[in-house]
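K.L.:
Here is a sequence with its predicted model. Questions after.
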Amino acid sequence: MLKVLFVCEKNSARSRIAEAFCTLLGDETKIQVQSAGLNPGGVNPLAAAVMKELGIDISQKHSQDVFELYRQGVLFTHVITVCDEKTSAQCPIFPGAVQREQWNIADIAALQGTEARQLEDARRIREELRARVDVFLSRHQCKAQTRESAQHGM
């Protein structure tokens, strides 16, 4: 079974979105997924809004601290950082046979411009994360074939 951790700066947007897509699209008998942040904070309203457009609520999950998971000795097979390389380098090295990936995804919290422009950019980031999660699940043969996935166009 794959045990996947998505990490970003605050566990407020990118890692939550990636976790939500991985949970929705992944076969729960083959994969377990969590997300955490280096400096955990509440959910980003833009991230919550663009996921709500798909009928997915990411606002209820409590933000996790990646360092707390490390201190607890939680083991993962894959740790995927969804932030820039400099931020990614701050993530602890988890023990065991962990495969690390770094997906350089734009920060939703840094989006600027009008509200409409920010929503458009947040949707683009959401779709990039969905595509990357889909490739990851396909590569590891962990995709679920569920009616719910089909309803969301995934």
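P.N.:
Arrived safely, thanks for sending.

K.L.:
and stretch 10-27, which residues are buried?
P.N.:
10-27 (16 or more other CB atoms under 10 Å). In short, each C-beta sits where N, CA and C put it, glycine included.

K.L.:
What average pLDDT does that stretch get?
P.N.:
The predicted model gives stretch 10-27 an average pLDDT of 97.

K.L.:
For that stretch, what is the distance to the chain centroid?
P.N.:
Counting by CA atoms, centre = their mean, to the nearest Å, stretch 10-27 is centred 4 Å from the centre of its parent chain.

K.L.:
ok, now how distant is residue 24 from residue 121?
P.N.:
Distance, residue 24 to residue 121, using CB to CB, to the nearest Å: 22 Å.

K.L.:
ok, which stretches of the protein are helices?
P.N.:
Using DSSP state H, the helices found in the chain span residues 14-25, 45-52, 66-71, 85-88, 115-139, 147-151.

K.L.:
wouldn't residue 121 be in contact with residue 110 here?
P.N.:
No - assessed by CB atoms under 8 Å, residue 121 is found out of contact with residue 110, at 9.7 Å.

K.L.:
Which one's more surrounded, those two?
P.N.:
residue 121 (18 against 8; other CB atoms under 10 Å).

K.L.:
ok, now which ones touch the closest residue to that one other than its chain neighbours?
P.N.:
Closest residue to residue 121 apart from its sequence neighbours, by CB to CB, 6 or more residues apart in numbering: residue 111 at 4.9 Å. Going by CB atoms under 8 Å, 6 or more residues apart in numbering, residue 111 touches 46, 117-118, 121-122.

K.L.:
for residue 77, same thing?
P.N.:
1-4, 96-99.

K.L.:
hang on, the earlier thing: weakest of the helices of the chain in terms of mean pLDDT?
P.N.:
Looking at these, the bottom one is helix 147-151 with a mean of 45.

K.L.:
returning to that earlier point: give me whichever of the helices of the chain is most buried.
P.N.:
Among those, helix 14-25 has the highest mean neighbour count (mean count of other CB atoms under 10 Å), at a mean of 26.

K.L.:
That helix to helix 45-52, inter-axis angle?
P.N.:
10 degrees (axes from the mean of the first three to the mean of the last three CA atoms, to 10 degrees).
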